[in-house]
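Novice: pasted the sequence and its predicted model underneath.
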Amino acid sequence: MIAIFEVTSPSTKADDFGMKRHEYARVPTILRYVLIDSDKVDVTVFERGRGDQEWSDARPVEDGVILVPEAGIEIPVAEISRGIRFSGQDAASH
């Protein structure tokens, strides 16, 4: 396995960033754990190099692209959130 992508929600966010992150870190074939916020455009990536035992520090996706170099793919964050209206966001701002 290369990467796991999860969409967080208010009811799962603590488990996604806590328990699940620690459990996935114990599986050496998971190189990347990507958390996508369901309430706003916000993506956090935990990653490790091949052979590394620990995740790197969480890093937000600031350049607007989720990189998965092991698979040779780049995913624009705008593509993930296209057509989604988040709570508190009016139609004109999206």
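Specialist: Everything's here; your move.

Novice: give me the helices and strands touching the helix or strand bottoming out on mean pLDDT in the chain, please.
Specialist: Least confident helix or strand of the chain, by mean pLDDT, DSSP states H and E, is strand 59-60 with a mean of 72. If you count contacts as 3 or more C-beta pairs under 8 Å, 6 or more residues apart in numbering; DSSP states H and E, strand 59-60 packs onto strand 43-47. (Glycine included, C-beta is placed from N, CA and C.)

Novice: which stretches of this protein form helices?
Specialist: Counting by DSSP state H, the segments of the chain that form helices are 13-17, 19-25, 77-81.

Novice: need the contact partners of the longest one.
Specialist: Taking contacts as C-beta atoms under 8 Å, 6 or more residues apart in numbering, the residues outside helix 19-25 that touch it are 4, 6, 30, 33, 46, 48, 54, 55.

Novice: among these, which one has the most neighbours?
Specialist: Comparing those by number of neighbours (other C-beta atoms under 10 Å), residue 33 comes first, having 23 neighbours.

Novice: what distance do you get for the residue lying closest to that one once chain neighbours are set aside to residue 82?
Specialist: Leaving aside its sequence neighbours, residue 33 sits nearest to residue 46 (C-beta to C-beta, 6 or more residues apart in numbering; 4.3 Å). Distance of residue 46 to residue 82, computed by C-beta to C-beta, to the nearest Å: 24 Å.

Novice: what of residue 69?
Specialist: Distance, residue 69 to residue 82, by C-beta to C-beta: 24 Å.
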